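Trainee: compute the structure for the input listed below.
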Amino acid sequence: MFKSNLLRAFSLLAASTLFIGCQQSSRTEPAAMGTMTTGPVVMCDTCKTTWVRSQKLDDKGHPIPFAYTVKGAHVCDECEKAAAGYYATGKLDACKMCGDKLQIVQPK
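Mentor: A predicted model of the protein is given here:
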């Protein structure tokens, strides 16, 4: 009887692991992930944020940057505006709060 219960418990554990594994692999990526393009990114070590160019455009036809940030990080408004400005004009304005921590990084 003990052997039967142990075998049943092991079978249930294996089946649930397989089900959970299949469920994890079938998840779709966030919608924004499919809209990224390659090119330079804007990073700020102080804000712990990286902005990438997306294919979404604002009302003036400029790309809207997508931000990746660390959970709980505070992103300053100047960096946010500077990143948006970079993708609109190609010029990165300095951030008074973060200084040289805001920079353009070329992919390798």
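Trainee: any idea how far residue 106 lies from residue 63?
Mentor: 17 Å (Cβ to Cβ, to the nearest Å). For the C-beta atoms, the positions are set from N, CA and C on the backbone; glycine is no exception.
Trainee: more neighbours: the two, which one.
Mentor: Neighbours per residue, other Cβ atoms under 10 Å: of residue 106 and residue 63, the larger number sits with residue 63, 19 against 7.
Trainee: list the contacts of that one.
Mentor: With contact set as Cβ atoms under 8 Å, 6 or more residues apart in numbering, residue 63 has these partners: 53-57, 87-88.
Trainee: determine which two of those are furthest apart.
Mentor: Set against one another by Cβ to Cβ, the contacts of residue 63 have their most distant pair in 55 and 88, with a gap of 14.3 Å.
Trainee: neighbour-wise, which of the two wins?
Mentor: Regarding residue 55 and residue 88, a neighbour count based on other Cβ under 10 Å identifies residue 88 as having more, with 16 against 12.
Trainee: and the pLDDT for that one?
Mentor: Per-residue confidence (pLDDT) for residue 88: 90.
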